[in-house]
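Trainee: okay, structure incoming, though there's no sequence with it:
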């Protein structure tokens, strides 16, 4: 049965309907029409909910294979209804493959002042639509989140017991990694790698072929610092009852 997901990129955000019977190659062609990023340049990141900070890689653009994409069904990717697929461009040209500097230097030279005056440029298009550096809230929010992450991670140490609380309930485990991950967001943000006590995670501590830390299958996840609370959180005893004295 078809279902809806959220599709995002650095320029777009929309709700779309997909079919579990599609192959990955067809899904990427559909995503190209939404984001402007060719299938061969797409890295697909999956978030369990539209606002989740937990992430896993569905498809790594650095290892693109059309044959493999054609052999992979959407149903194989474990994409849940109303989860989010974020599309990034491995070439770095996330603005629909248009780059201000390349445009300015394509075949002729303009001074920065003359280029800024043009009305048919990518720069002007982004300015009019308040995208990228012209979005007045982006940099402010980015700095706020970076400061929050730095404050939170300063109180964390690899080996700390921790818990993660979400709509799925409480999960407990151990902090195994704190740092930046190039494969996820080009090293822009700080991530916390958690090894859960139970197989309630997304991976085995690896992102693609890069082993960030080691744990059992489905025991690992990478989360934003605000999702992780460190403290005296021992493994949950499944036989413990609040009704017993």
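Mentor: In hand now; what should we look at? A quick note: this is a predicted structure, and the numbers were derived from the prediction, not measured. Numbers count the residues shown, from 1 in each chain.
Trainee: other SSEs contacting the longest strand seen in the chain?
Mentor: Criterion DSSP state E: the longest strand present in the chain is strand 169-180. Under the contact definition 3 or more C-beta pairs under 8 Å, 6 or more residues apart in numbering; DSSP states H and E, strand 169-180 sits against strand 161-166, strand 190-196. From N, CA and C alone the C-beta is placed, and that goes for glycine too.
Trainee: the helices in this structure, which residues?
Mentor: Secondary structure of the chain, counting by DSSP state H: helices at 24-35, 66-71, 100-104, 112-117, 122-128, 138-153, 182-185.
Trainee: count the neighbours of residue 58 for me.
Mentor: 21 (other C-beta atoms under 10 Å).
Trainee: nearest residue to residue 49 in space, please, no chain neighbours.
Mentor: Counting by C-beta to C-beta, 6 or more residues apart in numbering, residue 49 lies nearest to residue 83, which is 6.2 Å off, once chain neighbours are set aside.
Trainee: how about the closest residue in space to residue 214 that isn't next to it in sequence, what does it touch?
Mentor: Leaving aside its chain neighbours, residue 214 sits nearest to residue 205 (5.2 Å; criterion: C-beta to C-beta, 6+ apart). The contact partners of residue 205, by C-beta atoms under 8 Å, 6 or more residues apart in numbering, come to 176, 177, 193, 195, 211, 212, 213, 214, 215, 219, 220.
Trainee: hmm, 7 Å instead?
Mentor: 176, 193, 195, 211, 212, 213, 214, 215, 220 (C-beta atoms under 7 Å, 6 or more residues apart in numbering).
Trainee: cool, residue 219 as well?
Mentor: Contacts of residue 219 by C-beta under 7 Å, 6+ apart are 195, 196, 199, 201, 204.
Trainee: now a ChimeraX select for only the buried ones of those.
Mentor: Buried members of the contacts of residue 219, defined by 16 or more other C-beta atoms under 10 Å, are picked up in ChimeraX with:
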select :195,196,201,204
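Trainee: would you mind giving the contacts of residue 219 as JSON lines with pLDDT and distance to residue 160 added?
Mentor: Listed next are those as JSON lines, based on pLDDT from 0 to 100; distance: C-beta to C-beta, whole Å:
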{"residue": "195", "pLDDT": "97", "distance to residue 160": "11"}
{"residue": "196", "pLDDT": "96", "distance to residue 160": "14"}
{"residue": "199", "pLDDT": "93", "distance to residue 160": "21"}
{"residue": "201", "pLDDT": "89", "distance to residue 160": "17"}
{"residue": "204", "pLDDT": "94", "distance to residue 160": "20"}
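Trainee: of the contacts of residue 219, closest to residue 6?
Mentor: Within the contacts of residue 219, the smallest distance to residue 6 is 21.8 Å, found for residue 201 (C-beta to C-beta).
Trainee: pLDDT weak spots in the chain?
Mentor: In the predicted model, the chain carries pLDDT under 70 at residues 50-53, 92-139, 167-168, 238-245.
Trainee: can you list the domains in it?
Mentor: Following the TED database, the chain resolves into domains at 3-89, 117-148, 156-230.
Trainee: hang on, the earlier thing: partner strands of the longest strand of the chain and their direction?
Mentor: Strand pairing for strand 169-180, using DSSP bridges, gives strand 161-166 (antiparallel), strand 190-196 (antiparallel).
Trainee: now the first one: buried residues?
Mentor: It refers to strand 161-166. Going by 16+ other C-beta under 10 Å, strand 161-166 has these buried residues: 161, 162, 163, 164.
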